[in-house]
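> sharing a model that was predicted from the sequence below.
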Amino acid sequence: MEIEIGEETIRLGQLLKFANLVADGAEAKTLIIDGAVRVDGEVETRRGRQVGIGSTVEIDLRQGRQELLVVHPGGRGRLLRPTLRDSRSDGHTEPAGDR
């Protein structure tokens, strides 16, 4: 889903809370430290990492992977639905049903 932020950057932990993907900072910290969060395709383990406009953040949640696109207010407003992904034997993931 697209997340509109009013500044040029937002801290990663704050972004997860702002997107209502976690209940609080402790839950965000746990996901990040556990390696369940990627910024622009790279695993990020720093809760204070600054995430900017145009960045893509992927979060592996129990109910599936959620993808966020950080945009300025007035961005396109397009909603990307959460996707459940299947693990492949080579370690990559792909959307369920795209094989």
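Structure's in. What do you need? Numbers count the residues shown, from 1 in each chain.
> which residues sit against the longest helix along the chain?
When the chain is parsed with DSSP state H, its longest helix is helix 25-33. Residues outside helix 25-33 that contact it (Cβ atoms under 8 Å, 6 or more residues apart in numbering): 12-13, 16-17, 22, 37, 44-47, 59-61. In short, each C-beta sits where N, CA and C put it, glycine included.
> for those, work out which two are farthest apart.
For those, the farthest-apart pair by Cβ to Cβ is R46 and L61; their separation is 19.4 Å.
> quick one on the thing from earlier: weed out the non-buried ones from the contacts of helix 25-33.
Among the contacts of helix 25-33, those classed as buried by 16 or more other Cβ atoms under 10 Å are 12-13, 16-17, 22, 37, 44, 47, 59-60.
> and those, which is closest to I3?
Nearest member of the buried ones among the contacts of helix 25-33 to I3, counting by Cβ to Cβ, is L16, at 9.9 Å.
> G64 versus the closest one, what's the distance?
For L16, the distance to G64 (Cβ to Cβ, to the nearest Å) stands at 15 Å.
> so where do the strands sit in this structure?
Per DSSP state E, the chain carries strands over the ranges 2-4, 9-11, 37-39, 42-43, 50-52, 56-61, 64-71, 85-87, 93-95.
> quick one: stretch 17-32 to chain centroid distance?
Centre-to-centre, stretch 17-32 and its host chain are 11 Å apart (Cα atoms, centre = their mean, to the nearest Å).
> err, stretch 51-61, not the other one
The answer for stretch 51-61 is 4 Å, by Cα atoms, centre = their mean.
> outside of that stretch, which residues touch it?
Applying Cβ under 8 Å, 6+ apart, the contact partners of stretch 51-61 are 5, 8-12, 15-16, 21, 31, 36-41, 65-72, 82.
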